[in-house]
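A.B. asks: When you get a sec, could you give me coordinates for this:
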Amino acid sequence: MLEVTTSTIFGAPTDRVWEVLRDFNGHDRWHPIVAKSTIERGEPSDRVGCVRRFVLQDGSELREQLLALSDLEQSFTYCLLDTPVPLFNYVATVRLLPVTDGDLTFALWQARFTTRPGEEAAMRRLVAEDVQRAGFEAIRSLVERAGED
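C.D. replies: Okay, the predicted model is just below:
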C-alpha cells in the first residue's frame with residue numbers, strides 16, 4: 001500500500017475553508033483538473049454513500065464515493081470507484097485543523113492506494129502534484145482572496 005500525504009497552511013479560518021471543501025460535489029468550482037461534476041441519483045452531496053461522477057479537463061471520467069463526513073472534525077473521506085488511471089483501493093481523507101496563532105487553517109490530505117508494479121513513482125507524483133497540491137493551491141487562492149473582500 002502506498003501513501004501520499006500533503007499538508008499546508010491557509011491564511012484563512014477553518015470555517016471559511018470548510019465552506020469550500022464540505023460540498024463533495026463542489027470540486028468542479030475550485031479544482032483546476034475537474035471540468036464538471038454531478039452526484040448520481042440526485043442525492044445530496046453531504047450524504048455518506050453518495051457517488052460523484054466527474055469529468056476531468058482531458059475528458060476522462062471518474063467516480064468517487066463519500067465514505068465519511070464530519071462537520072465537527074471538519075473532515076471527509078472518499079474512495080475511488082472508477083478511474084482511467086491505475087489507482088486501486090484508493091481511499092483519501094481531507095482534514096482541517098485550526099492554527100490558533102493567527103486564525104489560520106492547517107490542512108492535511110492523505111491518500112492510500114495500490115498500483116501496478118513499476119507505476120508507483122508516477123502514481124505518487126500524480127496524486128501529490130495533480131490532485132493534492134493543485135487542489136490546495138486552488139483552495140488557497142479562493143479562501144485567501146475571499147478574506148480580502
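
A.B. asks: Residue 22 contacts residue 46, doesn't it?
C.D. replies: Yes: assessed by C-beta atoms under 8 Å, residue 22 is found in contact with residue 46 at 6.8 Å. No exception for glycine: its C-beta is placed from N, CA and C like everyone else's.

A.B. asks: got any residues that touch both of those two?
C.D. replies: residue 69 (C-beta atoms under 8 Å, 6 or more residues apart in numbering).

A.B. asks: higher neighbour count, those two?
C.D. replies: A direct count of neighbours by other C-beta atoms under 10 Å for residue 22 and residue 46 places residue 22 higher, at 19 against 15.

A.B. asks: With residue 57 as the reference, measure out to that one.
C.D. replies: Distance of residue 22 to residue 57, computed by C-beta to C-beta, to the nearest Å: 23 Å.

A.B. asks: residues near residue 10, how many?
C.D. replies: Close neighbours of residue 10, defined as other C-beta under 10 Å, add up to 22.

A.B. asks: who's in contact with it?
C.D. replies: 17, 104, 105, 107, 139, 140, 143, 144.

A.B. asks: Would you confirm that the first one contacts residue 105?
C.D. replies: Yes: taking contacts as C-beta under 8 Å, residue 17 lies within contact range of residue 105: 4.8 Å.
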